[in-house]
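# no sequence for this one, just the structure:
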């Protein structure tokens with residue numbers, strides 16, 4: 001049996017320390033609070049991430065492989081309630097019944113050890129471990145090789161994957177965009193086989209109303225994209241997917257800068273023939289912040305790096321973190337002249353870029369992001385807020401040996417301005433082995449938390465977070 005011992009030391013970076021999984025599902029209220037939870041913070045803070053139970057190989061385990069687990073705090077009237085739950089899709093339940101691994105994981109696909117997957121079982125596990133989105137009063141947990149998984153918001157129980165009444169015929173991005181004005185959810189999926197990208201629009205009622213293939217010359221890792229009020233932006237950047245390369249002993253995912261970078265712009269309800277491609281400086285984008293229309297221009301803001309180490313998640317030997325940690329960056333694409341203007345907005349290494357989602361697809365003044373630790377991979381030491389009007393970056397750092405993940409913007413009840421709200425995130429104090437939930441005033445970020453929830457249980461580092469207002 002190959003079961004991960006939750007909390008046990010490991011030689012694998014992503015199974016050690018606070019990357020190590022937890023084994024129990026718990027509930028808690030009446031938690032210790034430093035400061036006061038604001039009474040105008042009402043809703044659900046949710047964070048999903050990998051929490052492996054059984055692994056084929058501890059040495060070969062990749063952080064993308066972990067079973068999905070949601071950690072959630074419900075805020076109401078100055079109080080907080082916590083719960084965490086495994087996401088129990090078929091692959092997870094089959095392994096639980098089997099008592100051992102059935103699915104090998106990203107770095108072991110070419111291993112010849114027979115996989116004891118039962119007849120009729122899914123050939124791959126829908127981990128639902130990457131990100132969350134809330135649309136048409138439905139919470140989805142997302143895993144980009146798979147279908148979206150419907151989660152019950154309050155209990156966090158798993159309802160299961162959806163194909164939108166049989167209309168979804170492609171994998172579903174971990175980062176769909178929801179236009180708050182139209183209620184539409186804009187999505188796509190990428191594949192190892194042509195068509196390498198397929199695009200869809202789901203209307204405000206949850207009906208998939210538009211699908212089209214998007215032609216690109218090769219299979220790529222397109223983790224995120226952009227959407228404005230009028231257009232959808234595809235990022236054909238050179239993080240390539242190649243099974244043949246993996247069979248020959250190389251990485252299935254690799255950075256190949258010789259292919260260059262370009263951005264495709266298509267009307268939201270357009271088709272493949274409507275895409276206009278614009279060459280841009282070669283680089284890598286894993287996460288975008290926002291995009292919007294500005295006269296003849298389409299504006300995209302994202303964390304952009306020079307290179308990438310997706311296969312090693314930044315831990316590869318000889319890896320240069322300064323080159324694959326992104327900086328906040330902007331492209332302005334003039335659809336009338338064809339010109340593209342590019343610039344770095346902030347030199348602070350950052351990712352997990354977020355905005356006030358009530359302004360998604362439309363012009364935003366503020367971008368929030370996690371600040372990278374420049375010496376340790378996949379580690380965030382604080383938060384930043386970038387002001388598009390002043391060009392000023394405001395920072396807050398967690399302190400020595402204190403690291404966190406993605407922070408989400410939670411608008412104040414009855415807020416009236418874009419940054420009138422809070423940033424909420426989980427952090428972990430590695431010196432004391434204590435997890436916390438921080439609540440910071442987005443308009444006074446540098447002043448630090450207005451409230452800190454001392455978590456009664458360890459919350460491992462994870463991937464993406466979400467906010468659902470009550």
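Here it is on my side, so go on. None of the values given here were measured: they were computed from a predicted structure.

# Residue 415 and residue 72: what is the separation?
22 Å (Cβ to Cβ, to the nearest Å). C-beta: built from backbone N, CA, C; applies to glycine.

# Dead centre of this protein: give me the residue that sits there.
residue 464 (4.1 Å; Cα atoms, centre = their mean).

# Longest strand in this structure, by number of residues?
In the chain, with assignment by DSSP state E, the single longest strand is strand 340-354.

# mind listing what's buried in that strand?
For strand 340-354, burial by neighbour count (16 or more other Cβ atoms under 10 Å) applies to 340, 345, 346, 348, 349, 350, 351, 352, 353, 354.

# Then stretch 133-142?
Those would be 133, 134, 135, 138, 139, 140, 141, 142, for stretch 133-142 by 16+ other Cβ under 10 Å.

# So which of those are in strands?
Those of the buried residues of stretch 133-142 lying in strands (DSSP E): 133, 134, 135, 138, 139, 140, 141, 142.

# Which of those residues sits closest to residue 411?
Nearest to residue 411, judged by Cβ to Cβ, of these is residue 134 at 13.6 Å.

# Tabulate the buried residues of strand 340-354 (a markdown table), appending distance to residue 27 and pLDDT.
As requested, these are exported to a markdown table (distance: Cβ to Cβ, whole Å; pLDDT from 0 to 100):
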| residue | distance to residue 27 | pLDDT |
| --- | --- | --- |
| 340 | 51 | 98 |
| 345 | 41 | 98 |
| 346 | 40 | 98 |
| 348 | 37 | 98 |
| 349 | 37 | 97 |
| 350 | 34 | 98 |
| 351 | 31 | 97 |
| 352 | 27 | 98 |
| 353 | 32 | 98 |
| 354 | 27 | 98 |
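
# want to throw those into CSV with distance to residue 87?
Output for the buried residues of strand 340-354, formatted as CSV (distance: Cβ to Cβ, whole Å):
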residue, distance to residue 87
340, 40
345, 35
346, 34
348, 33
349, 31
350, 28
351, 23
352, 20
353, 24
354, 22
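
# got any ranges where this protein has weak pLDDT?
1, 318 (pLDDT under 70).

# Distance check, the closest residue to residue 386 other than its chain neighbours against residue 93.
Using Cβ to Cβ, 6 or more residues apart in numbering and skipping the chain neighbours, the partner closest in space to residue 386 is residue 367 (4.5 Å). Applying Cβ to Cβ, the value for residue 367 to residue 93 is 39 Å.

# Which one's more surrounded, those two?
residue 367 (25 against 12; other Cβ atoms under 10 Å).

# Is residue 446 part of a helix or strand, or is it coil?
helix (DSSP: H, G, I helix; E, B strand; the rest coil).

# wait, what's in contact with the nearest residue to residue 152 once chain neighbours are set aside?
Using Cβ to Cβ, 6+ apart and skipping residues adjacent in sequence, the residue nearest residue 152 is residue 159, 6.1 Å away. By Cβ atoms under 8 Å, 6 or more residues apart in numbering, the residues touching residue 159 are 149, 150, 151, 152.

# Could you do residue 182 as well?
Per Cβ under 8 Å, 6+ apart, neighbours of residue 182: residue 204.

# what's the helix or strand for it?
Using DSSP states H and E, residue 182 sits in no helix or strand.

# coming back round to it: ok, the buried residues of strand 340-354 vs residue 179, which is closest?
residue 354 (16.6 Å).

# Find the nearest non-adjacent residue to that closest one, please.
Per Cβ to Cβ, 6+ apart, closest to residue 354 is residue 368, 4.8 Å.

# My guess is the one you found contacts residue 384. True?
Yes: counting by Cβ atoms under 8 Å, residue 384 is a contact partner of residue 368 at 7.0 Å.

# Look at those two and report which has more neighbours.
More neighbours surround residue 368 than the other of residue 368 and residue 384, with 26 against 23 (other Cβ under 10 Å).

# distance of the more buried one from residue 251?
31 Å.

# Same question for residue 115.
21 Å.

# repeat for residue 322
21 Å.

# Looking at those two, which one has more neighbours?
Neighbour totals were compared for residue 322 and residue 251, and residue 251 leads with 18 against 11 (other Cβ under 10 Å).

# Roughly how far does residue 383 sit from residue 407?
5 Å.

# list the residues that contact both of these two?
Between them, residue 383 and residue 407 share the contacting residues 368, 370, 423, 425, 440, judged by Cβ under 8 Å, 6+ apart.

# Okay, now the sheet partners of the host helix or strand of the first one, with direction.
Spelled out, that is residue 368. Remark: residue 368 resides in strand 366-372, with elements defined by DSSP H and E. Looking at strand 366-372 with DSSP bridges, its partner strands are strand 340-354 (antiparallel), strand 380-387 (antiparallel).

# looking at those, which is closest to residue 447?
Shortest distance between residue 447 and the strands paired with strand 366-372, using Cβ to Cβ, is found for strand 380-387: 12.0 Å.

# Enumerate the positions of that closest one that are buried.
380, 381, 382, 383, 384, 385, 386.

# close enough to count as contact, the fourth one and residue 442?
No: Residue 383 is beyond contact range of residue 442, at 9.6 Å (criterion: Cβ under 8 Å).

# Could you name every residue contacting both of these two?
368, 423.

# can I assume residue 85 sits in a strand?
Yes: according to three-state DSSP, residue 85 belongs to a strand.

# Check the secondary structure at the closest residue to it other than its chain neighbours for me.
Of all residues not flanking residue 85 in the chain, residue 156 sits nearest, at 3.8 Å (Cβ to Cβ, 6+ apart). When classified by three-state DSSP, residue 156 comes out as coil.

# related to what we said a few turns ago, so can I have JSON lines of the buried residues of strand 380-387 showing distance to residue 245?
JSON lines is the format used below for the buried residues of strand 380-387 (distance: Cβ to Cβ, whole Å):
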{"residue": "380", "distance to residue 245": "31"}
{"residue": "381", "distance to residue 245": "34"}
{"residue": "382", "distance to residue 245": "37"}
{"residue": "383", "distance to residue 245": "37"}
{"residue": "384", "distance to residue 245": "36"}
{"residue": "385", "distance to residue 245": "40"}
{"residue": "386", "distance to residue 245": "37"}
